[in-house]
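S.K.: take this sequence and fold it.
(8 chains)
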Protein chains: 8
Amino acid sequence: MRVYLSGEIHTDWREQIVAGAEGLGIAFDAPVTDHAASDDCGVAILGAEPDKFWHDRKGALVNSIRTRNGIEGADVVVVRFGDKYKQWNAAFDAGYAAAMGKPLIILQPPEHDHALKEVDAAALAVARAPGQVVDILRYVLEGTLPG
Amino acid sequence: MRVYLSGEIHTDWREQIVAGAEGLGIAFDAPVTDHAASDDCGVAILGAEPDKFWHDRKGALVNSIRTRNGIEGADVVVVRFGDKYKQWNAAFDAGYAAAMGKPLIILQPPEHDHALKEVDAAALAVARAPGQVVDILRYVLEGTLPG
Amino acid sequence: MRVYLSGEIHTDWREQIVAGAEGLGIAFDAPVTDHAASDDCGVAILGAEPDKFWHDRKGALVNSIRTRNGIEGADVVVVRFGDKYKQWNAAFDAGYAAAMGKPLIILQPPEHDHALKEVDAAALAVARAPGQVVDILRYVLEGTLPG
Amino acid sequence: MRVYLSGEIHTDWREQIVAGAEGLGIAFDAPVTDHAASDDCGVAILGAEPDKFWHDRKGALVNSIRTRNGIEGADVVVVRFGDKYKQWNAAFDAGYAAAMGKPLIILQPPEHDHALKEVDAAALAVARAPGQVVDILRYVLEGTLPG
Amino acid sequence: MRVYLSGEIHTDWREQIVAGAEGLGIAFDAPVTDHAASDDCGVAILGAEPDKFWHDRKGALVNSIRTRNGIEGADVVVVRFGDKYKQWNAAFDAGYAAAMGKPLIILQPPEHDHALKEVDAAALAVARAPGQVVDILRYVLEGTLPG
Amino acid sequence: MRVYLSGEIHTDWREQIVAGAEGLGIAFDAPVTDHAASDDCGVAILGAEPDKFWHDRKGALVNSIRTRNGIEGADVVVVRFGDKYKQWNAAFDAGYAAAMGKPLIILQPPEHDHALKEVDAAALAVARAPGQVVDILRYVLEGTLPG
Amino acid sequence: MRVYLSGEIHTDWREQIVAGAEGLGIAFDAPVTDHAASDDCGVAILGAEPDKFWHDRKGALVNSIRTRNGIEGADVVVVRFGDKYKQWNAAFDAGYAAAMGKPLIILQPPEHDHALKEVDAAALAVARAPGQVVDILRYVLEGTLPG
Amino acid sequence: MRVYLSGEIHTDWREQIVAGAEGLGIAFDAPVTDHAASDDCGVAILGAEPDKFWHDRKGALVNSIRTRNGIEGADVVVVRFGDKYKQWNAAFDAGYAAAMGKPLIILQPPEHDHALKEVDAAALAVARAPGQVVDILRYVLEGTLPG
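M.R.: Predicted coordinates:
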C-alpha cells in the first residue's frame, strides 16, 4: 500500500505516522518538506527570477511533479491541516485527490472543523492525532483494532 | 460556454463578472451564496443534529451535489480568494477542478501570491479584478482585447 | 438537470417527487415500473425460455439498457429502499452510480439504517420522505430552503 | 491475479476458495470479516458517537477505504450472497465492480435467482458452490477443466 | 436517444428499424451504406493509389471518422450480421462498442449462434428480426411491450 | 458536428473550408487567428511583463483556455501545416487531439511528408487542399462523394 | 512487456512467436486454445444446459474473464486471422483492443486484405508471418532490425 | 520512477541525463534513436513500399508502438528540441503527453522560446541543459538541490 502524506510541514506528524506504521509494509510518499528547498527549487535549478511571482511559479511547478505523482500513485491520501498558515496547498491537494477518487483521511484539530467542513465531507475519516491515522491504516491492512 | 464561479461569498465579484459578461452568451453557475442557507441546508431539510460536526457534515454533503456538478459541467472554473477567512473550500474546488483538467482562473489579491503559489501554478490565469476575468472570457470567446 | 429515480416500485414515491418538483425544470428518468412488463420483457420480445433462470436473464439484460443509460446520463441518482423485498437491484444501482461518481441520495426508512450503512456512506444525503428529496433538489437548483 | 471476495461473512466460503485455489498464485483480498470490528472500527479509532447513525457512518467510511481499494485493484470480483440478512453491501459492491468493468462472479443459492437477476445479468458467472469459483479461477489461469 | 446501426449493408434492415421506430424520437446513425462510395471514398477524395492495400486503407480511415463518432455518440449500438461475407468490420464495431460500455444489441440469424457466441455474450440482447430491435427500443423508451 | 481548425494562421484555409462546408450544419471552432492579439492577450489583460518569456507564457496560458476547450469539444480536429515557421503549436495540438482519441485530419503540402510522418500516422486523412477537407466532412456527414 | 495473442487457434503461430521472442523478456497471454475446453468450460463447471445457445453463452462469459483481462493488461495486442472459420471473436477482440487504445498488430494472409480493411486501418502493423511479429517486438524493445 | 526522453536524436543529451541520474533508480525509455533504423523499420520488417509516403507511414506506425507505450508508462516526460529540423514529432509527443496529464519537462535553447511558447506553457519546467533535467529529477526524488 502506498500512502501520500500531504500538508503541514512544521511538526513531526509524518515521522509519527511512519514510525507508528512500522511493520505494516506501507510505502510513504510526501512533498519535499525542507521549506527553503521547496520554496527555491525552481530558481535554484532553472535560474533566478527578479519577480517573486515567477520565482514562486517556477518552484511550484517543479514541486508539482512530485506532488501530482505522489497523489496519483497513492492508495490512501492523508492531508494534515495544522494550526498556522493558510495551507491552501493542503486543501488543493485534498480536492485533487477527491476528484481522482482517492480515499482521503484528514488530520486536523477540532477548531478547524467548521472551516474544513467541505474538505472533511469528501474524506473517509477525520482524525485528530497521527496515532489515529496509524490505527486506520493498520485496521485497513490487517483488520485489527487498537487496545 | 459554462463558467463556474467558486469561492468567496462576501463581496459582489460574481455580480460584477456576470454583469460584465452580458451579451457573451455565458451560463454561469455558482455555489449557494446565501451563507446561512449554505450552512444549515443539511439540517433544515434532513433534520437537526445536536453535534455541530454532523450538522456541518450534512450541509456540506448536500452542497457538494451542487458544487461537484457545477465544476464537472463547467468549461472554465473561476476561483476567488478574498481577504478573509480560511477559504479552504475554495482551494479544494481549485484542486478538484485541476484534477479534472478544467481550465482554471484564480482571482486573488497580490498579498496572497506566495500562499497561493501551488494553486496559481495549476491555473491558466491569475487575475486581480473581476473585470480581468470578464476580459479573459470575452477574449476566449470572441478573440477581442480590451481598449 | 436529469435525475434518475431507482429502486422500489410498489409505492408512489416517484409520483410524489415528480409532482413536488414541478416547475424546477428537472427531467426525471426511472426504470420501467410496470412489474409484469419488467419481468417478462425479455421473453415477450425475444422469445420464450423454458428455464426461469434464462427467462430472468433475458429480461434483466433488456432492462439494463434503460437503467444503465439512465444512471449514466443522470446528474443526481436517487435510490429508494422500501419496506419489503430483497431490493438487491436498488443496492446494485447505488453501487453502480457511486463508482461513476454520481451524486447519490438514498431514500429509506430508519429501520434499514444499519443494513444500509455502507450504501448510505456513499451517499450525499439520506432522506426519509419524498418531500425531503424534493427539498434537496430545489435547494441544489435554486438555493432556497423549505419553510 | 488479484481476486476480491465480497459479501457474506458468516460462513467459511472464503476459506474454501482460498484453500481450493492453493498453488494458483492468486492474491485474495476481502473486507474485514470480524463482524464486531467491522461494525465498530469507526468509533473505536476516531471516538464514540451517541447516535447510532453516525456510529455506523464512521465505521462504514473507514471500511470503504479497504473495500474500494480491494475492488479497484482486483482482476476478478466474487460476490457471495448467503441465506440471511439484507446483504445490501454485497449488492452495492457488485454494482460498484460492474461499473468499473471488473469481471464479476456471483456465488448464490438458487432460491435467490429471481431477486438477484439484475445482479446476475451483470456477472460473467453465477456459481452455487465455492468449488465452482475455484474451478473458474483455475480454468481462467491454466485452461484446465475439473474431472 | 441516439442509436447506431452497424453491420450488414445489403438488405433493408436499417430501413425496417427506422420505419418501425417512427414516433419514438430516436436519432439513427449508420455507416455510409453505399458500397461503392464506402470502398472508394479515400481515393476519390485524397487521390488514387496503385496498390489496393493502400487504396483500402485510405478509405477505411476516412470511413472510421464516421463510424467511431457514430459509436461513441450512441446510447445503443445495434450490430447486424447477415448471411454472407466475412463481416469482420461488424464484429470489430461490436468489440469497439463493448469496450466503451455501450449497450449492444446483436441482430443475427440462428445459424451464426455458435460463431457469434463471444459477441453475443457481450450484448444485452440477441434479436432475430428488425422488428424485435424496434420492440426493444420502444420498451426501453416507453416501457410498453408488443401485442 | 463540431470541427476544430488548428494550425497555420497566415492564409485563408479556414475561410475556404467554412465556405465550402456551408449548408452541412457544421460548427467550426479555431484558435484566435489575430496574430498580435494572440501574442499579447496575456499582458494586455493581466498586466505587462518585462521578461519576454513570461510575456509569452501569460499569453499562451490564456490562449490554451480556448484551444483545449476547442479540441476537447470537437468531433473532428483538422490541423494545418503551412510553408513557413516552426508550427510546433500545430504539432502539439495534433498530439493532444490524438491522445484524446479525436479523429484527426492533417492538411499539409507534400514537401513536409517526411517531417510529418509521425503526425500523419496518427491521422485518419492527410489532405493537400482545403477542398479535400470539405469533401471529407461532406462524405462523413452525407455519404456523398465529389464529382 | 505483456503481449496478448488473440485469434486463430488451429495452427502453431503462437508457438512460433513465443519461440522467436525468446530472450526478449516478453510475457505472453492468450485465450484458452484447447478448443473443446473453451467450448465447454461454462457447462463443465457451472452445470449442463439443454439449449445450445445458453451452453455457448455460459462458456463465452467464462472465457471473457480471461480474454478481457488479457487485452486490458497487454502492452501490445496481436490478432491472427487464419484461412478458415468466421473468426468473429478475433475481430471483436481487435475492436475491443482498439477502443482501449492498445497498440494492435494484425497477422493475416493477403487474401483477407479487403475484408479486413477496417480492422487493419486500426492497427499499427499488418504482418503476414509470425516471424514479422517477432521482428516488430524485437525492434520495439531493442531497436534492432532483422538481417 | 520511469522517465521518457522524447525528441532530438542527433546529440548526446540522453546519455548526459542517464549518466547524471545514475544512482537515482530511474528507468529511462526513449524512441529508437538509430535514425536509419527508425526511418526504415516498417519496410525492413513488413516489406518494401515503392511510394515514400507509405514507406514512411509503415515505419511511423511501428515506431508509435514504442513511443506511445513509452509516454503512457512514464511518470515524467522530457521533450528535447534541438537546433535543427522541424521536430514536429517532438511537439506531437509533448501534446500527447500533456493530454494524458503527464508531468512534462521541455529541454530547449532560448532561441526557440517564442516558437515553443504553447508547448512550454503546458510544461512543469523549461530547462536549457541536460544537467538541469537531472537536477529536477534528483530534487523530485530526493528533495535535494544542487550546490
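S.K.: tell me the helix or strand right after the one helix or strand A:V79 maps to.
M.R.: Element membership of A:V79, judged by DSSP states H and E, is strand A:76-80. Per DSSP H and E, the first helix or strand lying C-terminal to strand A:76-80 is helix A:88-99.
S.K.: ok, A:A125 - contacts?
M.R.: Contact analysis of A:A125 by CB atoms under 8 Å, 6 or more residues apart in numbering or on different chains lists A:I105, A:I106, A:Q132, A:I136, D:G42, D:I45, D:L46, D:K58, D:L61, D:V62, D:I65. For the C-beta atoms, the positions are set from N, CA and C on the backbone; glycine is no exception.
S.K.: just those residues: which are in strands?
M.R.: Counting by DSSP state E, the part of those found in strands is A:I105, A:I106.
S.K.: let's have the contacts of A:A125 in a markdown table, adding neighbour count.
M.R.: Below are these laid out as a markdown table (neighbours: other CB atoms under 10 Å in any protein chain shown):
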| residue | neighbour count |
| --- | --- |
| A:I105 | 25 |
| A:I106 | 25 |
| A:Q132 | 20 |
| A:I136 | 25 |
| D:G42 | 27 |
| D:I45 | 23 |
| D:L46 | 20 |
| D:K58 | 25 |
| D:L61 | 22 |
| D:V62 | 27 |
| D:I65 | 23 |
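S.K.: now distance to chain B too, for the contacts of A:A125, in JSON lines please.
M.R.: Shown next, in JSON lines, are the contacts of A:A125 (distance: CB to the nearest CB, whole Å):
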{"residue": "A:I105", "distance to chain B": "15"}
{"residue": "A:I106", "distance to chain B": "10"}
{"residue": "A:Q132", "distance to chain B": "15"}
{"residue": "A:I136", "distance to chain B": "18"}
{"residue": "D:G42", "distance to chain B": "13"}
{"residue": "D:I45", "distance to chain B": "16"}
{"residue": "D:L46", "distance to chain B": "11"}
{"residue": "D:K58", "distance to chain B": "10"}
{"residue": "D:L61", "distance to chain B": "11"}
{"residue": "D:V62", "distance to chain B": "15"}
{"residue": "D:I65", "distance to chain B": "18"}
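S.K.: what's the closest of the contacts of A:A125 to D:F28?
M.R.: Using CB to CB, D:I65 is the member of those that lies nearest D:F28, at 18.0 Å.
S.K.: now that closest one: closest residue in space that isn't a chain neighbour?
M.R.: Once flanking residues are discounted, D:I65 sits nearest to A:P103: 4.4 Å by CB to CB, 6 or more residues apart in numbering or on different chains.
S.K.: residue with max distance from the center of chain A?
M.R.: Farthest-out residue of chain A from its mean C-alpha position, per CA atoms, centre = their mean: A:P50, at 30.2 Å.
S.K.: just the pLDDT at that one, thanks.
M.R.: Reported pLDDT at A:P50 in the predicted model: 97.
S.K.: quick revisit: just to check, the residue nearest to D:I65 is in contact with D:V62?
M.R.: No. Using CB atoms under 8 Å, A:P103 is not in contact with D:V62, being 9.6 Å away.
S.K.: joint contacts of the two?
M.R.: Residues touching both A:P103 and D:V62 (CB under 8 Å, 6+ apart): A:L124.
S.K.: now do the contacts for the closest residue to A:G143 other than its chain neighbours.
M.R.: Distance criterion CB to CB, 6+ apart; nearest residue to A:G143, sequence neighbours excluded, is D:V32 at 4.0 Å. Shown in contact with D:V32 (CB under 8 Å, 6+ apart): A:Y139, A:G143, D:S38, D:C41, D:N63, D:R66.
S.K.: what is the nearest of these to B:A121?
M.R.: Distances from B:A121 to those, taken as CB to CB, are shortest for D:R66 (33.9 Å).
S.K.: what's the local residue count around the closest one?
M.R.: Residues within reach of D:R66, counting by other CB atoms under 10 Å in any protein chain shown, total 22.
S.K.: ok, now which ones touch it?
M.R.: Each residue near D:R66 by CB under 8 Å, 6+ apart is listed here: A:V140, D:P31, D:V32.
S.K.: if we can go back for a sec, tell me how far the residue nearest to A:G143 lies from chain G.
M.R.: Between D:V32 and chain G the distance is 26 Å, computed by CB to the nearest CB, to the nearest Å.
S.K.: just to be sure, that residue is in a strand?
M.R.: No. Secondary structure of D:V32 (DSSP: H, G, I helix; E, B strand; the rest coil): coil, not part of a strand.
S.K.: related to what we said a few turns ago, what lies in contact with the strand holding A:V79?
M.R.: Here strand A:76-80 has contacts from A:1-8, A:13, A:17, A:71, A:90-91, A:93-94, A:97, A:102-108, A:119, A:133, A:137, A:140, D:65, D:69, using CB under 8 Å, 6+ apart.
S.K.: quick revisit: which one of the contacts of D:R66 is nearest to chain B?
M.R.: Set against chain B, the nearest of the contacts of D:R66 by CB to the nearest CB is A:V140 (21.3 Å).
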